[in-house]
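Participant: Sharing a sequence plus its predicted fold:
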Amino acid sequence: MVIAGYQLPMMAALIVWAVLWEIVGHTEAGFILPPLSAIIVRVFEIVPTPSFGEALLITGRAFFSGNAIAILVGIPLGILMGRSVIADRLLLPWVNLFLSAPLSALVPVIMVIFGLGETTIILTVVLFAMWIIVLNTRAGVKAISPSLVEMARSFGANEWQAFTRIYIWAALPEILAGIRLGVIRAVKGVIIGQLLVSVVGFGTLFEVYQSHFLMEHFWALLLVLFAFAFILNELMARLEKHFGYFAASR
Amino acid sequence: MSVSHIAPAGTAAPPPAAGTAPRAIVEVRNVTKTYAGGVEALSGISLEFPEGRLTTLLGPSGCGKTTLLKIIAGLIPASGGQVLVDGREVKGPGQERSFVFQDFALMPWASVLRNVAFGLELRGVARSEREAVAERHIARVGLKGFEHKYPHELSGGMRQRVGLARALAVDSKVVMMDEPFSAVDEQTRRKFQEELLELVAKEGKTFLFVTHSIEEAVYVSDRIVLLSRRPSRVSAIIEPKIVRGDDPEKIRRDSAYLDAVEDIWQQLKRYLD
(Lines give C-alpha, C1' and ligand atoms only; values in the text may rest on other atoms or scores of the structure.)
Protein backbone atom coordinates (compact mmCIF):
# COMPACT_ATOMS: atom_id res chain seq x y z
CA MET A 1 0.00 0.00 0.00
CA VAL A 2 1.22 3.50 -0.80
CA ILE A 3 0.27 6.51 1.33
CA ALA A 4 1.38 10.01 0.31
CA GLY A 5 4.02 8.56 -1.95
CA TYR A 6 5.52 6.25 0.66
CA GLN A 7 5.52 2.49 0.14
CA LEU A 8 4.35 1.00 3.43
CA PRO A 9 6.01 -2.22 4.57
CA MET A 10 3.98 -5.45 4.42
CA MET A 11 3.45 -5.74 8.15
CA ALA A 12 2.49 -2.08 8.64
CA ALA A 13 -0.99 -2.87 9.92
CA LEU A 14 0.40 -5.38 12.37
CA ILE A 15 2.84 -2.76 13.70
CA VAL A 16 0.04 -0.23 14.16
CA TRP A 17 -1.95 -2.66 16.26
CA ALA A 18 1.12 -3.76 18.22
CA VAL A 19 1.91 -0.15 19.11
CA LEU A 20 -1.72 0.44 20.08
CA TRP A 21 -1.65 -2.66 22.28
CA GLU A 22 1.56 -1.47 23.92
CA ILE A 23 0.02 1.95 24.70
CA VAL A 24 -3.20 0.47 26.08
CA GLY A 25 -1.10 -1.92 28.17
CA HIS A 26 0.51 1.02 29.94
CA THR A 27 -2.84 2.55 30.94
CA GLU A 28 -5.11 1.21 33.67
CA ALA A 29 -6.40 -1.42 31.26
CA GLY A 30 -2.98 -3.05 31.66
CA PHE A 31 -4.60 -4.82 34.58
CA ILE A 32 -6.36 -7.17 32.12
CA LEU A 33 -4.36 -6.45 28.96
CA PRO A 34 -0.68 -6.13 29.87
CA PRO A 35 1.70 -4.39 27.43
CA LEU A 36 2.69 -6.49 24.41
CA SER A 37 6.41 -6.16 25.25
CA ALA A 38 5.87 -7.70 28.69
CA ILE A 39 3.81 -10.53 27.13
CA ILE A 40 6.51 -11.29 24.58
CA VAL A 41 9.10 -11.43 27.37
CA ARG A 42 6.76 -13.87 29.13
CA VAL A 43 6.53 -16.05 25.99
CA PHE A 44 10.26 -16.65 26.14
CA GLU A 45 9.99 -17.31 29.83
CA ILE A 46 7.11 -19.80 29.61
CA VAL A 47 8.03 -21.76 26.51
CA PRO A 48 11.18 -23.44 27.94
CA THR A 49 9.44 -24.56 31.17
CA PRO A 50 8.71 -28.29 31.66
CA SER A 51 5.02 -27.64 32.34
CA PHE A 52 4.69 -25.92 28.95
CA GLY A 53 6.62 -28.70 27.26
CA GLU A 54 4.39 -31.30 28.81
CA ALA A 55 1.23 -29.40 27.90
CA LEU A 56 2.48 -29.03 24.33
CA LEU A 57 3.21 -32.74 24.09
CA ILE A 58 -0.20 -33.76 25.41
CA THR A 59 -1.97 -31.22 23.23
CA GLY A 60 0.05 -32.15 20.17
CA ARG A 61 -0.71 -35.81 20.69
CA ALA A 62 -4.44 -35.25 21.07
CA PHE A 63 -4.42 -32.82 18.15
CA PHE A 64 -2.66 -35.17 15.76
CA SER A 65 -4.54 -38.33 16.73
CA GLY A 66 -7.82 -36.42 16.55
CA ASN A 67 -6.98 -35.06 13.11
CA ALA A 68 -5.77 -38.45 11.92
CA ILE A 69 -9.05 -40.06 12.94
CA ALA A 70 -11.07 -37.23 11.41
CA ILE A 71 -9.19 -37.59 8.12
CA LEU A 72 -9.17 -41.39 8.01
CA VAL A 73 -12.88 -41.59 8.77
CA GLY A 74 -13.94 -38.38 7.06
CA ILE A 75 -12.50 -39.01 3.59
CA PRO A 76 -13.96 -42.51 3.05
CA LEU A 77 -17.26 -41.31 4.49
CA GLY A 78 -17.26 -38.33 2.13
CA ILE A 79 -16.45 -40.54 -0.84
CA LEU A 80 -19.20 -42.97 0.16
CA MET A 81 -21.71 -40.11 0.40
CA GLY A 82 -20.57 -38.69 -2.91
CA ARG A 83 -21.02 -42.05 -4.61
CA SER A 84 -24.06 -43.58 -2.96
CA VAL A 85 -27.40 -41.81 -2.95
CA ILE A 86 -28.65 -43.97 -0.09
CA ALA A 87 -25.65 -43.21 2.13
CA ASP A 88 -25.97 -39.56 1.21
CA ARG A 89 -29.66 -39.35 2.14
CA LEU A 90 -28.98 -41.21 5.35
CA LEU A 91 -25.98 -39.24 6.55
CA LEU A 92 -26.15 -35.76 5.04
CA PRO A 93 -28.63 -34.31 7.58
CA TRP A 94 -26.40 -35.45 10.43
CA VAL A 95 -23.22 -34.13 8.85
CA ASN A 96 -24.87 -30.76 8.27
CA LEU A 97 -26.25 -30.76 11.79
CA PHE A 98 -22.87 -31.45 13.37
CA LEU A 99 -21.20 -28.92 11.12
CA SER A 100 -23.42 -26.11 12.30
CA ALA A 101 -24.14 -27.23 15.87
CA PRO A 102 -22.43 -25.54 18.84
CA LEU A 103 -20.20 -28.53 19.49
CA SER A 104 -18.72 -27.12 22.70
CA ALA A 105 -22.02 -27.98 24.33
CA LEU A 106 -21.43 -31.64 23.49
CA VAL A 107 -18.04 -31.81 25.18
CA PRO A 108 -19.52 -32.25 28.69
CA VAL A 109 -21.46 -35.24 27.33
CA ILE A 110 -18.26 -36.80 26.01
CA MET A 111 -16.68 -35.98 29.37
CA VAL A 112 -19.35 -37.92 31.22
CA ILE A 113 -18.90 -40.96 28.97
CA PHE A 114 -15.13 -40.99 28.51
CA GLY A 115 -13.90 -39.25 31.66
CA LEU A 116 -11.55 -36.35 32.15
CA GLY A 117 -8.71 -37.69 30.08
CA GLU A 118 -7.04 -37.63 26.71
CA THR A 119 -9.77 -39.72 25.06
CA THR A 120 -12.25 -36.93 25.63
CA ILE A 121 -9.88 -34.38 24.13
CA ILE A 122 -9.19 -36.56 21.09
CA LEU A 123 -12.91 -37.12 20.54
CA THR A 124 -13.54 -33.41 20.81
CA VAL A 125 -10.93 -32.80 18.13
CA VAL A 126 -12.57 -35.42 15.90
CA LEU A 127 -15.98 -33.88 16.52
CA PHE A 128 -14.74 -30.45 15.51
CA ALA A 129 -12.61 -31.45 12.54
CA MET A 130 -14.40 -34.30 10.81
CA TRP A 131 -17.62 -32.87 9.34
CA ILE A 132 -16.08 -30.25 7.11
CA ILE A 133 -13.72 -32.91 5.75
CA VAL A 134 -16.68 -35.18 4.99
CA LEU A 135 -18.62 -32.41 3.27
CA ASN A 136 -15.70 -31.21 1.19
CA THR A 137 -14.74 -34.72 0.12
CA ARG A 138 -18.35 -35.37 -0.84
CA ALA A 139 -18.45 -32.20 -2.92
CA GLY A 140 -15.15 -33.13 -4.55
CA VAL A 141 -16.34 -36.61 -5.45
CA LYS A 142 -19.62 -35.29 -6.82
CA ALA A 143 -17.69 -32.93 -9.07
CA ILE A 144 -15.57 -35.68 -10.65
CA SER A 145 -16.02 -35.78 -14.38
CA PRO A 146 -18.14 -38.85 -15.21
CA SER A 147 -15.92 -39.63 -18.18
CA LEU A 148 -12.92 -40.04 -15.88
CA VAL A 149 -14.85 -42.70 -13.99
CA GLU A 150 -15.95 -44.31 -17.27
CA MET A 151 -12.35 -44.22 -18.44
CA ALA A 152 -11.18 -46.15 -15.38
CA ARG A 153 -14.00 -48.66 -15.80
CA SER A 154 -13.39 -49.13 -19.51
CA PHE A 155 -9.76 -49.98 -18.80
CA GLY A 156 -10.91 -52.56 -16.29
CA ALA A 157 -10.61 -50.80 -12.91
CA ASN A 158 -12.39 -52.53 -10.03
CA GLU A 159 -14.02 -50.54 -7.24
CA TRP A 160 -10.86 -50.48 -5.11
CA GLN A 161 -8.71 -49.29 -8.01
CA ALA A 162 -11.26 -46.62 -8.88
CA PHE A 163 -11.22 -45.48 -5.25
CA THR A 164 -7.44 -45.33 -4.83
CA ARG A 165 -6.48 -44.18 -8.31
CA ILE A 166 -9.34 -41.93 -9.37
CA TYR A 167 -11.70 -40.73 -6.66
CA ILE A 168 -9.12 -39.69 -4.07
CA TRP A 169 -6.97 -37.91 -6.61
CA ALA A 170 -9.75 -36.28 -8.57
CA ALA A 171 -11.25 -34.92 -5.37
CA LEU A 172 -7.88 -34.02 -3.85
CA PRO A 173 -8.17 -30.23 -4.17
CA GLU A 174 -11.50 -30.28 -2.31
CA ILE A 175 -10.26 -32.87 0.17
CA LEU A 176 -7.21 -30.75 1.02
CA ALA A 177 -9.35 -27.65 1.44
CA GLY A 178 -11.53 -29.71 3.78
CA ILE A 179 -8.52 -30.90 5.75
CA ARG A 180 -7.22 -27.35 6.09
CA LEU A 181 -10.56 -26.14 7.43
CA GLY A 182 -10.74 -29.25 9.60
CA VAL A 183 -7.30 -28.63 11.06
CA ILE A 184 -8.27 -25.06 12.00
CA ARG A 185 -11.43 -26.35 13.65
CA ALA A 186 -9.33 -29.00 15.39
CA VAL A 187 -7.23 -26.27 17.01
CA LYS A 188 -10.46 -24.86 18.43
CA GLY A 189 -11.53 -28.35 19.42
CA VAL A 190 -8.37 -29.25 21.26
CA ILE A 191 -8.29 -25.97 23.22
CA ILE A 192 -12.00 -25.92 23.99
CA GLY A 193 -11.80 -29.55 25.09
CA GLN A 194 -8.86 -28.82 27.36
CA LEU A 195 -10.45 -25.70 28.79
CA LEU A 196 -13.64 -27.57 29.63
CA VAL A 197 -11.82 -30.58 31.05
CA SER A 198 -9.28 -28.15 32.54
CA VAL A 199 -6.97 -30.76 33.99
CA VAL A 200 -5.24 -31.66 30.74
CA GLY A 201 -2.50 -29.89 28.77
CA PHE A 202 -2.93 -26.19 28.12
CA GLY A 203 -6.25 -26.35 29.93
CA THR A 204 -4.32 -26.83 33.17
CA LEU A 205 -2.03 -23.93 32.37
CA PHE A 206 -4.93 -21.61 31.52
CA GLU A 207 -6.64 -22.67 34.72
CA VAL A 208 -3.54 -21.97 36.81
CA TYR A 209 -2.83 -18.60 35.17
CA GLN A 210 -6.41 -17.43 35.42
CA SER A 211 -6.93 -18.47 39.00
CA HIS A 212 -3.71 -16.73 40.03
CA PHE A 213 -4.51 -13.77 37.84
CA LEU A 214 -1.25 -14.09 35.89
CA MET A 215 -2.51 -12.08 32.93
CA GLU A 216 0.88 -11.77 31.27
CA HIS A 217 1.28 -15.54 31.34
CA PHE A 218 -2.28 -15.99 30.15
CA TRP A 219 -1.80 -13.70 27.13
CA ALA A 220 1.61 -15.15 26.38
CA LEU A 221 0.05 -18.60 26.13
CA LEU A 222 -2.74 -17.27 23.92
CA LEU A 223 -0.20 -15.58 21.67
CA VAL A 224 1.70 -18.86 21.24
CA LEU A 225 -1.49 -20.76 20.39
CA PHE A 226 -2.66 -18.09 17.92
CA ALA A 227 0.72 -18.17 16.21
CA PHE A 228 0.56 -21.96 16.10
CA ALA A 229 -2.89 -21.96 14.48
CA PHE A 230 -1.82 -19.30 11.98
CA ILE A 231 1.31 -21.18 10.93
CA LEU A 232 -0.68 -24.40 10.58
CA ASN A 233 -3.16 -22.68 8.31
CA GLU A 234 -0.37 -21.26 6.16
CA LEU A 235 1.31 -24.65 5.83
CA MET A 236 -1.95 -26.31 4.81
CA ALA A 237 -2.71 -23.54 2.33
CA ARG A 238 0.68 -24.10 0.78
CA LEU A 239 0.10 -27.83 0.48
CA GLU A 240 -3.27 -27.13 -1.09
CA LYS A 241 -1.71 -24.81 -3.64
CA HIS A 242 0.85 -27.46 -4.51
CA PHE A 243 -1.87 -29.93 -5.43
CA GLY A 244 -4.34 -27.36 -6.68
CA TYR A 245 -2.57 -26.96 -10.00
CA PHE A 246 -4.98 -29.29 -11.70
CA ALA A 247 -8.14 -28.16 -9.94
CA ALA A 248 -8.97 -25.75 -12.75
CA SER A 249 -8.11 -28.15 -15.54
CA ARG A 250 -10.30 -31.06 -14.54
CA MET B 1 -10.51 -50.04 -51.90
CA SER B 2 -14.11 -50.94 -51.44
CA VAL B 3 -16.06 -53.60 -49.65
CA SER B 4 -18.96 -54.80 -51.68
CA HIS B 5 -20.54 -57.32 -49.39
CA ILE B 6 -20.76 -58.10 -45.70
CA ALA B 7 -20.11 -61.40 -44.01
CA PRO B 8 -23.27 -62.85 -42.43
CA ALA B 9 -23.44 -63.19 -38.65
CA GLY B 10 -21.45 -66.00 -37.12
CA THR B 11 -19.52 -66.83 -40.25
CA ALA B 12 -15.94 -67.69 -39.45
CA ALA B 13 -13.70 -66.08 -42.00
CA PRO B 14 -9.95 -65.82 -42.38
CA PRO B 15 -8.27 -62.55 -41.30
CA PRO B 16 -9.02 -59.65 -43.59
CA ALA B 17 -7.13 -59.64 -46.84
CA ALA B 18 -7.75 -57.88 -50.06
CA GLY B 19 -10.78 -59.24 -51.80
CA THR B 20 -12.13 -61.40 -48.97
CA ALA B 21 -14.88 -60.40 -46.62
CA PRO B 22 -13.61 -59.94 -43.05
CA ARG B 23 -15.49 -61.68 -40.26
CA ALA B 24 -17.68 -59.66 -37.93
CA ILE B 25 -15.72 -59.15 -34.73
CA VAL B 26 -18.48 -57.16 -33.05
CA GLU B 27 -22.08 -58.27 -33.41
CA VAL B 28 -24.98 -56.24 -32.12
CA ARG B 29 -28.18 -58.27 -31.92
CA ASN B 30 -31.48 -56.53 -31.55
CA VAL B 31 -30.17 -54.13 -28.89
CA THR B 32 -32.66 -51.79 -27.26
CA LYS B 33 -32.09 -49.13 -24.68
CA THR B 34 -34.77 -47.39 -22.67
CA TYR B 35 -33.60 -44.94 -20.05
CA ALA B 36 -35.21 -44.67 -16.65
CA GLY B 37 -38.13 -42.34 -17.21
CA GLY B 38 -39.16 -44.08 -20.41
CA VAL B 39 -36.98 -42.35 -22.99
CA GLU B 40 -36.37 -44.89 -25.72
CA ALA B 41 -32.90 -44.29 -27.14
CA LEU B 42 -32.32 -47.41 -29.21
CA SER B 43 -35.04 -49.48 -30.77
CA GLY B 44 -33.86 -52.87 -31.92
CA ILE B 45 -30.45 -52.30 -33.45
CA SER B 46 -28.75 -55.16 -35.24
CA LEU B 47 -25.32 -54.57 -36.71
CA GLU B 48 -22.04 -56.17 -37.53
CA PHE B 49 -18.63 -54.61 -37.42
CA PRO B 50 -16.09 -56.24 -39.75
CA GLU B 51 -12.68 -56.97 -38.35
CA GLY B 52 -9.80 -54.72 -39.26
CA ARG B 53 -12.05 -51.98 -40.64
CA LEU B 54 -13.19 -48.62 -39.44
CA THR B 55 -16.95 -48.45 -39.06
CA THR B 56 -18.62 -45.18 -38.21
CA LEU B 57 -21.89 -44.57 -36.43
CA LEU B 58 -23.38 -41.43 -37.85
CA GLY B 59 -26.65 -39.74 -37.12
CA PRO B 60 -28.44 -36.61 -35.96
CA SER B 61 -27.40 -35.34 -32.54
CA GLY B 62 -29.14 -37.11 -29.70
CA CYS B 63 -29.78 -40.17 -31.87
CA GLY B 64 -28.11 -42.56 -29.46
CA LYS B 65 -24.90 -43.27 -31.35
CA THR B 66 -22.78 -42.65 -28.26
CA THR B 67 -25.23 -44.76 -26.25
CA LEU B 68 -24.77 -47.64 -28.67
CA LEU B 69 -20.98 -47.27 -28.54
CA LYS B 70 -21.02 -47.29 -24.74
CA ILE B 71 -23.22 -50.37 -24.71
CA ILE B 72 -20.69 -52.14 -26.93
CA ALA B 73 -17.96 -50.87 -24.59
CA GLY B 74 -19.84 -52.42 -21.66
CA LEU B 75 -20.04 -49.05 -19.92
CA ILE B 76 -23.83 -48.99 -19.89
CA PRO B 77 -26.12 -52.00 -19.96
CA ALA B 78 -28.55 -52.56 -22.80
CA SER B 79 -32.22 -52.90 -21.94
CA GLY B 80 -32.59 -55.78 -24.37
CA GLY B 81 -30.71 -57.79 -26.96
CA GLN B 82 -27.07 -58.72 -26.80
CA VAL B 83 -23.65 -57.66 -27.97
CA LEU B 84 -20.99 -60.19 -28.93
CA VAL B 85 -17.36 -59.24 -29.21
CA ASP B 86 -15.10 -61.90 -30.64
CA GLY B 87 -17.92 -64.39 -30.08
CA ARG B 88 -18.34 -63.66 -26.37
CA GLU B 89 -21.27 -61.80 -24.89
CA VAL B 90 -20.47 -58.37 -23.45
CA LYS B 91 -21.20 -58.15 -19.72
CA GLY B 92 -18.97 -55.18 -19.00
CA PRO B 93 -15.70 -53.66 -20.13
CA GLY B 94 -13.10 -56.15 -21.35
CA GLN B 95 -9.48 -56.33 -22.39
CA GLU B 96 -10.30 -56.84 -26.06
CA ARG B 97 -11.87 -53.37 -26.22
CA SER B 98 -10.48 -49.91 -25.51
CA PHE B 99 -12.09 -46.50 -25.58
CA VAL B 100 -11.09 -43.00 -26.69
CA PHE B 101 -13.18 -40.32 -25.03
CA GLN B 102 -14.64 -37.17 -26.49
CA ASP B 103 -13.31 -35.05 -23.61
CA PHE B 104 -10.03 -37.02 -23.49
CA ALA B 105 -10.66 -38.20 -19.88
CA LEU B 106 -7.04 -37.84 -18.86
CA MET B 107 -5.99 -37.89 -15.24
CA PRO B 108 -4.83 -34.31 -14.65
CA TRP B 109 -2.65 -35.33 -11.71
CA ALA B 110 -0.69 -37.87 -13.73
CA SER B 111 2.05 -37.37 -16.31
CA VAL B 112 1.56 -38.27 -19.96
CA LEU B 113 3.57 -41.42 -19.33
CA ARG B 114 1.37 -42.58 -16.49
CA ASN B 115 -1.81 -41.68 -18.35
CA VAL B 116 -0.78 -43.74 -21.35
CA ALA B 117 0.34 -46.63 -19.14
CA PHE B 118 -2.84 -46.51 -17.03
CA GLY B 119 -4.62 -49.41 -18.74
CA LEU B 120 -1.58 -51.61 -18.17
CA GLU B 121 -1.21 -50.31 -14.62
CA LEU B 122 -4.75 -51.49 -13.87
CA ARG B 123 -3.85 -54.91 -15.28
CA GLY B 124 -0.93 -55.17 -12.89
CA VAL B 125 1.84 -54.97 -15.50
CA ALA B 126 5.19 -54.17 -13.86
CA ARG B 127 6.19 -50.52 -13.91
CA SER B 128 9.28 -50.78 -16.12
CA GLU B 129 7.45 -52.93 -18.62
CA ARG B 130 4.34 -50.80 -18.89
CA GLU B 131 6.39 -47.61 -19.14
CA ALA B 132 8.40 -49.07 -21.98
CA VAL B 133 5.18 -49.91 -23.81
CA ALA B 134 3.76 -46.47 -23.06
CA GLU B 135 6.90 -44.72 -24.31
CA ARG B 136 6.65 -46.58 -27.57
CA HIS B 137 3.04 -45.49 -28.09
CA ILE B 138 3.75 -41.92 -27.02
CA ALA B 139 6.42 -41.75 -29.69
CA ARG B 140 4.03 -43.29 -32.15
CA VAL B 141 1.37 -40.61 -31.74
CA GLY B 142 4.09 -37.97 -32.10
CA LEU B 143 4.48 -36.93 -28.48
CA LYS B 144 8.07 -38.01 -27.91
CA GLY B 145 9.66 -35.67 -25.39
CA PHE B 146 6.34 -34.98 -23.65
CA GLU B 147 6.38 -38.11 -21.46
CA HIS B 148 6.79 -36.17 -18.24
CA LYS B 149 4.45 -33.29 -19.04
CA TYR B 150 1.04 -33.03 -17.44
CA PRO B 151 -2.25 -32.77 -19.36
CA HIS B 152 -2.77 -29.11 -18.47
CA GLU B 153 0.54 -28.33 -20.16
CA LEU B 154 -0.68 -29.77 -23.48
CA SER B 155 -2.98 -28.43 -26.18
CA GLY B 156 -6.33 -30.07 -26.86
CA GLY B 157 -4.95 -31.91 -29.87
CA MET B 158 -2.00 -33.24 -27.89
CA ARG B 159 -4.31 -34.36 -25.10
CA GLN B 160 -6.32 -36.44 -27.53
CA ARG B 161 -3.09 -37.96 -28.81
CA VAL B 162 -2.47 -39.06 -25.24
CA GLY B 163 -5.99 -40.52 -25.12
CA LEU B 164 -5.30 -42.38 -28.35
CA ALA B 165 -1.91 -43.66 -27.16
CA ARG B 166 -3.58 -44.91 -23.98
CA ALA B 167 -6.14 -46.86 -26.00
CA LEU B 168 -3.44 -48.31 -28.26
CA ALA B 169 -1.11 -49.21 -25.39
CA VAL B 170 -3.44 -51.93 -24.11
CA ASP B 171 -3.29 -53.54 -27.55
CA SER B 172 -6.96 -54.38 -27.75
CA LYS B 173 -8.57 -55.80 -30.85
CA VAL B 174 -11.30 -53.21 -30.95
CA VAL B 175 -10.72 -49.48 -30.49
CA MET B 176 -13.81 -47.38 -29.86
CA MET B 177 -13.74 -43.65 -30.44
CA ASP B 178 -16.52 -41.39 -29.26
CA GLU B 179 -16.38 -38.17 -31.29
CA PRO B 180 -12.65 -38.07 -30.58
CA PHE B 181 -11.88 -35.03 -32.71
CA SER B 182 -14.86 -32.85 -31.87
CA ALA B 183 -13.02 -30.96 -29.12
CA VAL B 184 -9.98 -30.03 -31.22
CA ASP B 185 -9.60 -27.26 -33.77
CA GLU B 186 -10.30 -27.78 -37.48
CA GLN B 187 -6.67 -27.96 -38.66
CA THR B 188 -5.75 -30.47 -35.98
CA ARG B 189 -8.87 -32.45 -36.80
CA ARG B 190 -7.84 -32.84 -40.45
CA LYS B 191 -4.38 -33.96 -39.40
CA PHE B 192 -5.94 -36.46 -37.01
CA GLN B 193 -8.19 -37.83 -39.71
CA GLU B 194 -5.24 -38.43 -42.01
CA GLU B 195 -3.31 -40.12 -39.22
CA LEU B 196 -6.28 -42.24 -38.34
CA LEU B 197 -6.40 -43.62 -41.89
CA GLU B 198 -2.76 -44.54 -41.61
CA LEU B 199 -3.36 -46.15 -38.22
CA VAL B 200 -6.25 -48.26 -39.47
CA ALA B 201 -4.20 -49.40 -42.46
CA LYS B 202 -1.19 -50.33 -40.34
CA GLU B 203 -2.72 -51.68 -37.15
CA GLY B 204 -5.13 -54.31 -38.37
CA LYS B 205 -7.34 -53.33 -35.44
CA THR B 206 -11.06 -52.82 -35.69
CA PHE B 207 -12.14 -49.24 -35.15
CA LEU B 208 -15.62 -48.16 -34.08
CA PHE B 209 -16.01 -44.48 -34.62
CA VAL B 210 -18.76 -42.06 -33.63
CA THR B 211 -19.10 -38.66 -35.21
CA HIS B 212 -21.75 -36.15 -36.18
CA SER B 213 -19.67 -34.82 -39.06
CA ILE B 214 -20.62 -36.27 -42.44
CA GLU B 215 -17.32 -35.24 -44.05
CA GLU B 216 -15.33 -36.80 -41.23
CA ALA B 217 -17.34 -40.01 -41.44
CA VAL B 218 -16.87 -40.35 -45.19
CA TYR B 219 -13.20 -39.42 -45.00
CA VAL B 220 -12.16 -41.98 -42.39
CA SER B 221 -14.66 -44.82 -42.77
CA ASP B 222 -14.73 -48.09 -44.60
CA ARG B 223 -18.33 -48.39 -43.60
CA ILE B 224 -20.87 -45.89 -42.33
CA VAL B 225 -23.94 -46.83 -40.33
CA LEU B 226 -26.62 -44.17 -40.49
CA LEU B 227 -28.86 -44.06 -37.45
CA SER B 228 -32.29 -42.49 -37.45
CA ARG B 229 -33.60 -40.11 -34.84
CA ARG B 230 -34.57 -41.37 -31.42
CA PRO B 231 -35.77 -44.07 -30.90
CA SER B 232 -32.86 -45.03 -33.05
CA ARG B 233 -32.77 -47.63 -35.78
CA VAL B 234 -30.27 -48.42 -38.50
CA SER B 235 -31.54 -46.41 -41.43
CA ALA B 236 -28.80 -47.22 -43.94
CA ILE B 237 -25.36 -48.72 -44.28
CA ILE B 238 -23.05 -46.97 -46.72
CA GLU B 239 -19.69 -48.16 -47.94
CA PRO B 240 -17.95 -45.31 -49.71
CA LYS B 241 -16.00 -46.62 -52.65
CA ILE B 242 -13.10 -44.30 -52.18
CA VAL B 243 -9.71 -45.19 -53.53
CA ARG B 244 -7.32 -44.46 -50.69
CA GLY B 245 -4.00 -43.92 -52.37
CA ASP B 246 -0.81 -42.54 -50.94
CA ASP B 247 -2.01 -38.99 -50.86
CA PRO B 248 -4.59 -38.35 -48.13
CA GLU B 249 -5.23 -34.89 -49.61
CA LYS B 250 -6.62 -36.45 -52.77
CA ILE B 251 -9.48 -38.09 -50.95
CA ARG B 252 -11.23 -34.82 -50.24
CA ARG B 253 -11.34 -34.12 -53.97
CA ASP B 254 -12.26 -37.67 -54.94
CA SER B 255 -15.63 -37.86 -56.67
CA ALA B 256 -16.63 -40.95 -54.67
CA TYR B 257 -15.93 -38.97 -51.50
CA LEU B 258 -18.03 -36.05 -52.64
CA ASP B 259 -20.85 -38.32 -53.84
CA ALA B 260 -20.95 -40.17 -50.53
CA VAL B 261 -21.08 -36.90 -48.58
CA GLU B 262 -23.95 -35.69 -50.76
CA ASP B 263 -25.78 -39.02 -50.52
CA ILE B 264 -25.59 -39.07 -46.72
CA TRP B 265 -26.61 -35.44 -46.49
CA GLN B 266 -29.72 -36.17 -48.55
CA GLN B 267 -30.59 -39.03 -46.21
CA LEU B 268 -29.97 -37.13 -42.99
CA LYS B 269 -31.70 -33.96 -44.10
CA ARG B 270 -35.11 -35.36 -43.32
CA TYR B 271 -34.19 -35.73 -39.64
CA LEU B 272 -33.65 -32.02 -39.27
CA ASP B 273 -36.32 -29.95 -37.64
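Facilitator: It's in. Residues are numbered from 1 along each chain as shown, chains lettered A, B, ... in the order given.
Participant: Heading C-terminal from the one helix or strand in chain A whose mean pLDDT sits lowest, find the next helix or strand.
Facilitator: For chain A, the helix or strand with the lowest mean confidence is strand A:2-3, at a mean of 72 (criterion: mean pLDDT, DSSP states H and E). Later in the chain than strand A:2-3, the nearest helix or strand by DSSP states H and E is strand A:6-7.
Participant: show me the contacts for residue A:236.
Facilitator: Contact partners of residue A:236, counting by Cβ atoms under 8 Å, 6 or more residues apart in numbering or on different chains, are A:176, A:179, A:180, A:183. Any C-beta I mention is one placed from the backbone N, CA and C, and that applies to glycine too.
Participant: which of those residues lies closest to residue B:218?
Facilitator: Nearest to residue B:218 among the contacts of residue A:236, counting by Cβ to Cβ, is residue A:176 at 48.6 Å.
Participant: Look up phi and psi at the closest residue to that closest one other than its chain neighbours.
Facilitator: Excluding the flanking residues, the one nearest residue A:176 by Cβ to Cβ, 6 or more residues apart in numbering or on different chains is residue A:240, at 4.4 Å. Per-residue torsions, residue A:240: phi -60, psi -40 (degrees, to the nearest 10).
Participant: for the least confident helix or strand of chain A, the distance to its chain's centre please.
Facilitator: 35 Å (Cα atoms, centre = their mean, to the nearest Å).
Participant: Then residue B:98 would be within a helix, right?
Facilitator: No - using DSSP: H, G, I helix; E, B strand; the rest coil, the secondary structure at residue B:98 is strand, not a helix.
Participant: thought residue B:229 was touching residue B:61?
Facilitator: No - using Cβ atoms under 8 Å, residue B:229 makes no contact with residue B:61, being 9.5 Å away.
Participant: These two: which has the busier surroundings?
Facilitator: residue B:229 (18 against 9; other Cβ atoms under 10 Å in any protein chain shown).
Participant: per-residue pLDDT, that one?
Facilitator: Residue B:229 is assigned 84 on the pLDDT scale.
Participant: what's it in contact with, if anything?
Facilitator: Contacts of residue B:229 (Cβ under 8 Å, 6+ apart): B:59, B:60, B:62, B:63, B:271.
Participant: With residue B:78 instead?
Facilitator: Going by Cβ under 8 Å, 6+ apart, residue B:78 touches B:31, B:32, B:33, B:42, B:71.
Participant: any idea how far it is from chain A?
Facilitator: 16 Å (Cβ to the nearest Cβ, to the nearest Å).
Participant: Is that residue in a helix, a strand, or coil?
Facilitator: Per three-state DSSP, residue B:78 ends up coil.
Participant: Just give me the neighbour total for residue 190.
Facilitator: Since no chain was named, I'll use chain A. Neighbour count for residue A:190, taken as other Cβ under 10 Å: 30.
Participant: Hmm, no, I was thinking of chain B.
Facilitator: Going by other Cβ under 10 Å, the residues that sit close to residue B:190 add up to 18.
Participant: circling back: wait, doesn't the residue nearest to residue A:176 sit right on residue A:181?
Facilitator: No - judged on Cβ under 8 Å, residue A:240 makes no contact with residue A:181 at a distance of 10.3 Å.
Participant: picking that back up, what are the contacting residues of the least confident helix or strand of chain A?
Facilitator: Contacts of strand A:2-3 (Cβ under 8 Å, 6+ apart): residue A:8.
Participant: Go again with 10 Å.
Facilitator: A:8, A:12 (Cβ atoms under 10 Å, 6 or more residues apart in numbering or on different chains).
Participant: now stretch B:253-265
Facilitator: With contact meaning Cβ under 10 Å, 6+ apart, stretch B:253-265 is reached by B:2, B:58, B:214-215, B:217-219, B:221, B:224, B:226, B:236, B:238-245, B:247, B:250-252.
Participant: picking that back up, return the member of the contacts of residue B:229 nearest to residue B:210.
Facilitator: So of these, ranked by how close each gets to residue B:210 (Cβ to Cβ), first place is residue B:59, at 9.0 Å.
Participant: What strand or helix carries the residue most central in space within chain A?
Facilitator: Most central in chain A under Cα atoms, centre = their mean is residue A:184, positioned 1.9 Å from the mean C-alpha point. Following DSSP H and E, one finds residue A:184 within helix A:172-197.
Participant: just checking, what packs against that helix?
Facilitator: The contact analysis (3 or more Cβ pairs under 10 Å, 6 or more residues apart in numbering or on different chains; DSSP states H and E) places helix A:172-197 against helix A:50-83, helix A:107-114, helix A:118-142, helix A:202-211, helix A:215-243.
Participant: mind listing what's buried in the shortest one?
Facilitator: Same thing as helix A:107-114. A:107, A:110, A:111 (16 or more other Cβ atoms under 10 Å in any protein chain shown).
Participant: got the contact list for the nearest residue in space to the first one that is not next to it in sequence?
Facilitator: This means residue A:107. Closest residue to residue A:107 apart from its sequence neighbours, by Cβ to Cβ, 6+ apart: residue A:196 at 4.8 Å. Contacts for residue A:196 (Cβ under 10 Å, 6+ apart) come out as A:104, A:105, A:107, A:108, A:110, A:111, A:116, A:120, A:121, A:124, A:203.
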